[in-house]
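>>> just coords:
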């Protein structure tokens, strides 16, 4: 449960966001977001459903465009980046989707090979096989290599989804609700995997969640997203230590008999 | 621009063919058989049943084969493409491709449109062949015409322009089915409801456009006759 100590370079931000705004029609989702993600850091973005957490990482990955503000990822301004450079930048960013987004028509092996074959030209079949098996072994699912996604459990799908992003050795990992819909034991396994990825692959990560256990066990810092802005940013305990009436209910556990 | 996704195109051509093969075989045969049967009384009234093979071949090659193939493929292939891409959109598989440095439009849309554009003319040729067999069996059963005599009459009235217009029609129909199915699926939204709408929209729109294109191509071909 306790978060392993990470090797964070606080002088080297890999993502810088300033004054980010995003609306869908008349609904203003993000209202002036400021954020820094440092090299080697796990930053958890906490917030209730529908507060724009996923929108934030979709903007970071270039899937959505910001209405206003500056988003800088690995030295590239996401608003002005040319299409070709964006393609190359995306290879350096891993995106783990909420529903894993595994390709239904492909086996686990083909799912993992897909980004590799397209982005690492000149690899031999032997090298591709080795890379696929290594990364799948890292998430503990080598035995599923020839299975179809439909044959996997929810937790296994998440792990394969993470493995698929890791195969390109990304510098940044974006996790969208990594523990959503999973049982508590699998949640702990996924949290451990996120920490292991941070340590082993030296990634910087943004973890989108509303799961406090996930936030506490994976985050070096936690950013609380409320009303389209980060209301509190700090360690889990710093964010928790507040009398802010908008934040407090989020942390008040109530168990129903 | 490489990669050309040749393997994926071939896979989609195969899928398109397999998805429609059984239905097209059945529909093509029945079309030829029934068309021949229904045309006989009109020709018999003028004592012209010997013209039946020629009439059947002109109808099948010029109009029925490409049209029947396109309509079947709209239902089988178009809806399948719409639903498949719609489902991929809903489950974020298309986004996953995009963030992994692959252009999903090229991998998913271009390959499918090329596949239908290649496969539909092949299927239309097959439909014509099966429909002619259906027509022959009917003629042979009623008039006792030999296979050789039937085939000779079939190809007598056919000109190069007939083959050409039929081929162009099939290519246009194939492209339309592919592009409509892909558009409906790729840009679908509203969750699972959107997937159903994409599949339905692909069929309805493709069929409508196929009929419009049929009218236009027939008109244009008419100017060259």
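That came in fine, so what should we check first? Remember, it's a predicted structure, so these values are computed and weren't measured experimentally.
>>> ok, and what's touching the lowest-mean-pLDDT helix or strand in chain A?
In chain A, no helix or strand scores lower on mean pLDDT, DSSP states H and E than helix A:248-251, which sits at a mean of 71. Applying CB atoms under 8 Å, 6 or more residues apart in numbering or on different chains, the contact partners of helix A:248-251 are A:46, A:48, A:212, A:224, A:240, A:242. Heads up, the C-betas are built off the backbone N, CA and C, glycines and all.
>>> could you flag which of the residues you listed are buried?
A:46, A:212, A:224, A:240 (16 or more other CB atoms under 10 Å in any protein chain shown).
>>> Quick check: which helices or strands does the helix ranked longest in chain A pack against?
The longest helix of chain A (DSSP state H) is helix A:184-201. Counting contacts by 3 or more CB pairs under 8 Å, 6 or more residues apart in numbering or on different chains; DSSP states H and E, helix A:184-201 is packed against strand A:42-46, helix A:154-166, strand A:172-176, strand A:204-209, helix A:212-218.
>>> just checking, residue B:127 touches residue B:65?
Yes: assessed by CB atoms under 8 Å, residue B:127 is found in contact with residue B:65 at 4.5 Å.
>>> so what sits against both of these two?
Common contacts of residue B:127 and residue B:65 (CB under 8 Å, 6+ apart): residue B:28.
>>> now the helices for chain B?
B:6-44, B:52-59, B:65-73, B:79-90, B:93-99, B:104, B:111-143, B:147-155, B:160-186, B:191-224.
>>> could you dump the helices and strands packed on helix A:184-201 to CSV with distance to residue A:89 and mean pLDDT?
Conversion of the helices and strands packed on helix A:184-201 to CSV gives the following (distance: least, CB to CB, whole Å; pLDDT from 0 to 100):
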stretch, distance to residue A:89, mean pLDDT
strand A:42-46, 19, 94
helix A:154-166, 14, 91
strand A:172-176, 10, 94
strand A:204-209, 14, 94
helix A:212-218, 24, 90
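>>> Which of the ones you listed sits closest to chain B?
The closest of the helices and strands packed on helix A:184-201 to chain B is helix A:154-166. By CB to the nearest CB, the value is 7.4 Å.
>>> That closest one: how far from the chain's middle?
Distance of helix A:154-166 from the chain centroid (CA atoms, centre = their mean, to the nearest Å) equals 12 Å.
>>> Just confirm yes or no for that helix near chain B.
Yes: using CB under 8 Å from any CB of the partner chain, we find that helix A:154-166 touches chain B at A:164, A:165.
>>> closest one to chain A among the helices of chain B?
Nearest to chain A, of these and by CB to the nearest CB, is helix B:93-99 at 3.9 Å.
>>> Touching, residue B:115 and residue B:19? I think so.
No: the criterion here is CB under 8 Å, and residue B:115 misses it with residue B:19 at 10.8 Å.
>>> Between these two, point out the one with more neighbours.
residue B:115 (24 against 19; other CB atoms under 10 Å in any protein chain shown).
>>> Can you name the residues that contact the more buried one?
Counted by CB under 8 Å, 6+ apart, residue B:115 has contacts B:9, B:12, B:13, B:15, B:16, B:178.
>>> Find the nearest non-adjacent residue to it, please.
Distance criterion CB to CB, 6 or more residues apart in numbering or on different chains; nearest residue to residue B:115, sequence neighbours excluded, is residue B:12 at 3.3 Å.
>>> Next: residue A:173.
residue A:205 (4.1 Å).
>>> Just list whatever residues bridge to the one you found.
Residue A:205 has these beta-bridge partners by DSSP bridges: residue A:42, residue A:173.
>>> Then the one 4 residues further on?
In this structure, residue A:209 has beta-bridge partners residue A:46, where bridges are defined by DSSP bridges.
>>> and it, how many neighbours?
Neighbour tally, residue A:209, other CB under 10 Å: 24.
>>> Repeat that for the one 10 residues further on.
When neighbours are defined as other CB under 10 Å, residue A:219 has 26 of them.
>>> Then residue A:180?
18.
>>> and if you look at residue B:157?
Using other CB under 10 Å: residue B:157 sits among 15 other residues.
>>> wait, it sits on residue B:59?
No: Residue B:157 lies out of contact with residue B:59 (CB under 8 Å); the separation is 10.7 Å.
>>> about what we covered before: which one of the contacts of residue B:115 sits closest to residue A:184?
Among the contacts of residue B:115, residue B:15 lies closest to residue A:184 (CB to CB), at 41.7 Å.
>>> Skipping adjacent residues, who's closest to the closest one in space?
Closest to residue B:15 by CB to CB, 6+ apart is residue B:115, at 7.3 Å.
>>> Up against chain B, what does the stretch 101-250 of chain A have?
Near chain B, when you scan the stretch 101-250 of chain A using CB under 8 Å from any CB, you find A:101, A:102, A:103, A:104, A:114, A:115, A:118, A:119, A:164, A:165, A:168.
>>> Would you write a ChimeraX line that selects the buried entries of those?
In ChimeraX, this line selects whichever of those come out buried by 16+ other CB under 10 Å:
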select /A:101,102,103,114,115,118,119,164,165,168
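>>> Point out the residues in chain B that sit beside chain A.
Near chain A, when you scan chain B using CB under 8 Å from any CB, you find B:3, B:87-88, B:91-93, B:95-103.
>>> Many thanks, I have nothing further to ask.
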